[in-house]
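>>> Below: sequence and its predicted model.
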Amino acid sequence: MKRSIAAICVCFAVLVSGPACAGSPLAQLTPIAGAPVFFDAKRITAVVALPTNEFTVSAEAIRLSPQIFFPLPAEVASNGPKKPVTQVLGIFANLMPVTESVDDVLKLAGRDQFAQFTLMSGATVWMRASAIGWVSHEFPAAGIPNAGSFVGLGLAPGRPTALKEDVDQVRKAIEQIAP
């Protein structure tokens, strides 16, 4: 019985992951705490330099969080002064801190496909234009009053990311990149 379940899981994993890398060479990044990861570079949806998150967040807080990917300024401040680390979104469900620089990751992923924006914390974030599902002036449920705009990004476009840029600036940046 266990072998049957394991075989089904392996088959499912092969089916799900197979097309992700089909036809393109695998890229490599090194997480700050682990072995190199090989993946399709087109999967990268955002790159940012932020201090690593060492605070604990309950599953309920994550479920309700309007900023699932990028921490809010108060969370960054509560984490204490730490050197920013390049963090990549799109390979896994959450940010992955890596040893490579933001510039190196953007070269790997295709810099010309990314637009530069500013998170509410003041950090610069590079987002793949084709991964932005929507842009809005408001997202009341997020509870972030000073945001210039909100975007739905990548794997969870229903979770907004607050940006300092207004909707028109975001739209122009996306339209300059989009084919």
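Thanks, I have it. Residues are numbered from 1 along each chain as shown.

>>> Confirm Arg171 sits in a helix?
Yes: applying DSSP: H, G, I helix; E, B strand; the rest coil, one finds Arg171 inside a helix.

>>> That one and Ala162: what is the separation?
In this view, Arg171 and Ala162 are 16 Å apart by CB to CB, to the nearest Å. All C-beta atoms are positioned from the backbone trio N, CA, C, and that covers glycine.

>>> who's more crowded, those two?
Remark: of Arg171 and Ala162, Ala162 carries more neighbours, 22 against 14, as counted by other CB atoms under 10 Å.

>>> Which phi and psi values does the closest residue to that one other than its chain neighbours adopt?
In space, and not counting its chain neighbours, Ala162 is closest to Ala147: 3.8 Å by CB to CB, 6 or more residues apart in numbering. Ala147 adopts backbone torsions of phi -70, psi 140, taken as degrees, to the nearest 10.

>>> Give me the neighbour count for Ala147.
Ala147 has 21 neighbours, counted by other CB under 10 Å.

>>> Could I get the contacting residues of it?
120, 139, 162-164 (CB atoms under 8 Å, 6 or more residues apart in numbering).

>>> cool, and Ser101?
By CB under 8 Å, 6+ apart, Ser101 lies in contact with Thr86.

>>> Ala131 is in contact with Phe114, correct?
No: Phe114 is not in contact with Ala131 according to CB atoms under 8 Å; the separation is 9.3 Å.

>>> low-confidence ranges in this protein?
Applying pLDDT under 70 to the chain picks out residues 1-24, 53-81, 140-141, 155-158, 178-179.

>>> Could you pull out the helices in it for me?
Under the criterion DSSP state H, helices of the chain are mapped to 2-21, 59-64, 73-78, 102-109, 167-177.

>>> related to what we said a few turns ago, tabulate the contacts of Ala147 (TSV), appending distance to Val98.
Putting those into TSV (distance: CB to CB, whole Å) gives the following:
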residue	distance to Val98
Met120	23
Phe139	29
Ala162	24
Leu163	23
Lys164	25
